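coordinates only, sequence not included:
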């Protein structure tokens with residue numbers, strides 16, 4: 001890790017201040033390349049004068065959202081999120097005071113939000129420093145390269161390796177991600 005930290009430089013995550021936007025962005029980016037996700041996100045935002053409120057998204061026709069490049073499934077997910085926020089079934093601002101597992105439990109009640117998306121929310125919206133997204137492919141690839149493993153590591157291997165990174169597993173994960181992005185390889 002020391003070599004990666006030296007190569008990558010200073011740790012810095014830009015937090016998304018609007019938790020609603022953070023979750024919509026996470027839904028949009030699921031299983032897409034960065035370029036495709038950015039394009040769809042821009043088209044989604046262009047539908048509105050400013051970043052929309054949940055009620056505005058609920059009142060937007062599915063066809064208009066689909067025209068922005070969202071799949072039918074992602075339209076359903078974004079609308080479910082918006083409806084749960086609008087009905088106050090999900091109170092995003094209150095999540096700040098909850099434990100990581102409580103946040104994950106609350107968010108995964110929304111269609112299309114699984115554990116990985118909830119963990120990205122913990123990292124990029126709430127700024128939590130000890131999140132270990134064991135299902136993240138980038139983290140798996142990074143650990144595989146860092147430890148010269150023949151195969152992608154399993155959850156248990158990742159947890160064992162990352163134990164020494166506590167209470168900064170988010171920071172270690174970020175460095176691994178950055179090293180993959182900057183250098184394409186580790187070391």
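Received it, and whenever you're ready, just let me know what you need. Predicted model only: the values in this text are computed from it and were never measured. Numbering: from 1, shown residues only.

Am I right that residue 142 is in contact with residue 181?
No: distance between residue 142 and residue 181: 9.9 Å, which falls outside the contact criterion (C-beta atoms under 8 Å). From N, CA and C alone the C-beta is placed, and that goes for glycine too.

between these two, who's got more neighbours?
More neighbours surround residue 142 than the other of residue 142 and residue 181, with 24 against 12 (other C-beta atoms under 10 Å).

That one and residue 90, how far apart?
Separation of residue 142 from residue 90 (C-beta to C-beta, to the nearest Å): 32 Å.

The helix or strand hosting residue 173: which residues count as buried?
Residue 173 is part of helix 169-183, with elements assigned from DSSP states H and E. Going by neighbour count (16 or more other C-beta atoms under 10 Å), the buried part of helix 169-183 is 169, 170, 171, 172, 173, 174, 175, 176, 177, 178, 179, 180.

Run through the residues that contact the second one.
I take that to be residue 170. Contact criterion C-beta atoms under 8 Å, 6 or more residues apart in numbering gives 13, 122, 123, 128, 129, 130, 131, 132 as the residues in contact with residue 170.

Residue 20: helix or strand, and which one exactly?
Remark: residue 20 resides in helix 19-29, with elements defined by DSSP H and E.

next SSE after that helix?
Helices and strands here follow DSSP H and E; after helix 19-29, the next one along the chain is helix 34-46.

Which neighbouring elements make contact with that next one?
Counting by 3 or more C-beta pairs under 8 Å, 6 or more residues apart in numbering; DSSP states H and E, the packing neighbours recorded for helix 34-46 are helix 19-29.

and the helix it packs on, average pLDDT?
For helix 19-29, the mean pLDDT works out to 93.

hmm, back to that, narrow the contacts of residue 170 to those that are buried.
122, 123, 128, 129, 130, 131, 132.

Now do the contacts for the residue nearest to the last one when sequence neighbours are not counted.
Read that as residue 132. With sequence-adjacent residues excluded and distances taken as C-beta to C-beta, 6 or more residues apart in numbering, residue 132 is closest to residue 169, at 4.2 Å. The contact partners of residue 169, taken as C-beta under 8 Å, 6+ apart, are 129, 130, 131, 132, 162.
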